[in-house]
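> sequence first, then the predicted structure:
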Amino acid sequence: MSLAERAGLWTDDRQAAAREVERGIQAGLSVVRLSFADQHGILRGKTLVAADVAAALHEGVGFTTTMLLKDTSHRTVFPVWTPGGGFGMKELEGAADVMMLPDPATFRVLPWAPHTGWMLCDIVFADGRPMPLSTRHVCRQALKALSDEGYDFVSGLEVEFHLFKLEKTKLTPGDAGPTGEPPEVSLLNQGYQYLTELRYDEMDPILETLRAAITGLGLPLRSLEVEFGPSQVEFTFRTGVGLESADAMVLFRSATKQVAQRHGYHATFMCRSKLPNVMSSGWHLHQSLRDKKGTNAFADDKEPLSAVGRHYMAGLLEHARAAAAFSTPTLNGYKRYRPHSLAPDRAIWGRDNRGVMVRVLGGPGDKATHLENRVGEPAANPYLYMASQIVSGLDGLRRKLDPGPSADMPYEAKAPLLPRTLAEALEALHASASLRAGLGDFFVDYYLKLKQAEIDRFNLEVSDWEQREYFSLF
C-alpha cells in the first residue's frame, strides 16, 4: 500500500489529477518543485527531476521535522535531541523525517521558469497520519468543524505590499547570517497620489510582469491598484471556497517575490518597513458563509446582515485579541494599529466604515453581503489567519453572540483595544479557551513557544532607539 493510500488520499479524483500531472511533465518539464507551507506560511520544499515525480505522487518525499520547529530567523526553537523532541512528540526526536505528499490538483507550470512544474504538498507521517503541526491541516480541521455545522467558508483576498527597485544585494560573506542583511532599495514612485493613473503608470513595467505571472498560475486576480504610500500597491482576488484562498495566498506571495527578484525588484509583505515616508501594509480578509444549498448565509432580504452573520461577526470581535496572534504574527505588525490611520485599533464593527475592525459590506437583498476583517497583516500565515476566523466565528454562532451596535466613531468607541504588541496577543491566546478548543491545546502551546522565541531574540537586540536615547545621555 502506498503512502497516498495509507493517508486515505488516493481517491479517484486524485488518481485522475495524478495522470494529468504525468502528462504535463511529459510535455517538456525538466524539474518539479514540491512545496509545503511552513508554520510562518513560507514555502519550503525540494525540487525533483521529472523522472522521479510519479513515484513521489504515490510515496511522498521526506524532509526533516526541524523545518516545522523554526522561528523566523530559521533557528530551531525546540531541543530535538531530548526525549519527545522537547515537545512531547516522539516523532520529533533526533530531527527525524516526515513526509510531504504532493497534491496533484495543485499542479502548475511556473510562467517565469517554464521548465519547472510546481505542486503544493500536505505533510504526513510515514504511516499516513496527518502531521498535527501542519498549518494546512489545522485549517482543514477548522473547515471540517464549520462544515459539520452546515456551512462552507467563502473568502476573498485584498493584499497590500511594497515593490522597490533593488539597488544593491548584500551578498558578501560578512553579510551572511541566520537572517542576512536586507538589500538596499529605492522607490518606484513618490506615493501619496492614491489611485492616480500617473503613479500606476510609473510602476506598470513590473506590475504587468507580475500580472502575467500570477494569472499564468491560474490565481483569481481581480485588480491591481496603487495604494497611498510610496511604492505601495494592492492586489485583490476573487473569492474562493475552503482552502482555495489560503492556497492562493501562499503561492501569490512566493511568486511575487520570485518574479520581482528575477527582474531587479524587491517585493516585501512586511507590514511596516523602516524606510522614510513608507506606509504600513494590511491584509483585509473578506469572508462569508455558504449554506449547503449554496446560499450566502450572511445575506438577508430585510436586514444589512442576517442573524447568522451577526453571530459570526460577534465571535470575530469576542476573540479578536487572541486571534491577533494569527492575523498579526510578527512584532512589526502591531505598529500598524494606530488611531485615525485607516487601520483598526479596537474590536468594533461598522457598516462601510474603514476605521473599524470588521466592516459590513452589502445590505438588504444583496446576495454578495459579507464581512471585511481589516485586522490582518500581509505576512500572516493564511491557513492560521483563516482558521482563527472560522474558530472565532463558529463560537459566536454556537453561543448566538450579539456584536452590539455599529460604531460610527471608530477611534472613540468603547470597546476592547487590539493588542499593542505580539507579546500581548500571545497572552490573550494562551488564556483563550475557545481558540484552544478549536485549534487544540497541543498546537496552541507549540505556536506560543515558537513565537515567544522571536520575542526573546528581539528583547536581546540593541535597537537604534536605545542607541539614540542613551548613548550620549548617560
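Done, it's in.
> use CA for all of it now, contacts and neighbours both
Noted.
> gap between residue 473 and residue 460?
Distance of residue 473 to residue 460, computed by CA to CA, to the nearest Å: 21 Å.
> check residue 202 too.
Distance from residue 202 to residue 460, counting by CA to CA: 41 Å.
> do the same with residue 234
Taken as CA to CA, the span from residue 234 to residue 460 is 35 Å.
> more neighbours: which of these two?
residue 234 (18 against 8; other CA atoms under 10 Å).
> got phi/psi on the more buried one?
Here the main-chain torsion angles of residue 234 (degrees, to the nearest 10) amount to phi -140, psi 130.
> now do residue 101
phi -110, psi 110.
> please name the bridge partners of it.
In this entry, residue 101 is beta-bridged to residue 122, by DSSP bridges.
> and it, how many neighbours does it have?
Using other CA under 10 Å, residue 101 has 28 other residues around it.
> residue 293 too?
9.
> roughly how far apart are it and residue 313?
Note on residue 293: its distance to residue 313, by CA to CA, is 21 Å.
> and what of residue 334?
Residue 334 is 22 Å from residue 313, where distance means CA to CA.
> what does residue 70 give?
33 Å.
> for residue 360, same thing?
For residue 360, the distance to residue 313 - CA to CA - is 9 Å.
> okay, these two: which has more neighbours?
residue 313 (31 against 24).
> show me which residues of stretch 30-41 are buried.
31, 32, 33, 34, 35, 36, 37, 38, 39, 40, 41 (16 or more other CA atoms under 10 Å).
> run the chain-centre distance for it.
Between the centre of stretch 30-41 and the centre of its chain there are 15 Å (CA atoms, centre = their mean, to the nearest Å).
> can you tell me what sits against it?
For stretch 30-41, the surrounding residues in contact (CA atoms under 8 Å, 6 or more residues apart in numbering) are 43-50, 53, 67-69, 72, 100, 102, 115-123, 133-136, 250, 380-383.
> which among the residues you listed count as buried?
Listed as buried from these are 43, 45, 48, 50, 53, 67-69, 72, 100, 102, 115-123, 133-136, 250, 380-383; burial here means 16+ other CA under 10 Å.
> could I get the pLDDT score of the residue positioned nearest the centre of the chain?
Centroid check for the chain by CA atoms, centre = their mean gives residue 382 as the closest residue, at 2.5 Å. pLDDT, residue 382: 98.
> quick one: it and residue 250 touch, right?
Yes: Residue 382 is in contact with residue 250 according to CA atoms under 8 Å; the separation is 7.1 Å.
> least trustworthy helix or strand in the protein by mean pLDDT?
Lowest on mean pLDDT, DSSP states H and E among the helices and strands of the chain sits helix 464-470, with a mean of 90.
> next, the buried residues of it.
In helix 464-470, counting by 16+ other CA under 10 Å, buried: nothing.
> coming back round to it: so what sits against both of residue 360 and residue 313?
residue 371.
> so where is this protein shaky, pLDDT-wise?
Scanning the chain for pLDDT under 70 picks out nothing.
> domain parsing for it?
3-130, 142-466 (automatic domain parsing).
> from the contact counts, what lies against the host helix or strand of residue 260?
Take DSSP states H and E as the rule and residue 260 turns out to sit in helix 244-262. If you count contacts as 3 or more CA pairs under 8 Å, 6 or more residues apart in numbering; DSSP states H and E, helix 244-262 packs onto strand 43-49, strand 151-168, helix 197-216, strand 265-268, helix 382-399.
> mind redoing it with 7 Å?
helix 197-216, strand 265-268, helix 382-399 (3 or more CA pairs under 7 Å, 6 or more residues apart in numbering; DSSP states H and E).
> not counting the longest one itself, show me its contacts.
Residues external to helix 197-216 that are found in contact with it (CA atoms under 7 Å, 6 or more residues apart in numbering): 111, 112, 188, 189, 193, 221, 226, 252, 256, 259.
> can you tell me the element residue 277 falls in?
Using DSSP H and E, residue 277 sits within no helix or strand.
> from residue 211, how far out is it?
Residue 277 is 26 Å from residue 211, by CA to CA.
> just residue 234 next, same as before
Per CA to CA, residue 234 is found 12 Å from residue 211.
> list the contacts for residue 257?
Contacts of residue 257 by CA under 7 Å, 6+ apart are 266, 267.
> what about it, distance to residue 61?
Taking CA to CA, one finds residue 257 at 25 Å from residue 61.
> kindly report the same for residue 249.
24 Å.
> same check on residue 33?
11 Å.
> likewise for residue 85?
21 Å.
> ok, which stretches of the stretch 251-400 of the chain are strands?
265-268, 283-291, 349-351, 358-361, 370-376 (DSSP state E, counting those that start in this stretch).
> out of these, which is the most enclosed?
strand 370-376 (a mean of 26; mean count of other CA atoms under 10 Å).
> for that strand, packing partners?
Looks like strand 370-376 contacts strand 283-291, strand 358-361 (3+ CA pairs under 7 Å, 6+ apart).
> what are the contacting residues of it?
By CA under 7 Å, 6+ apart, strand 370-376 touches 282-288, 298, 327-328, 343-344, 357-362.
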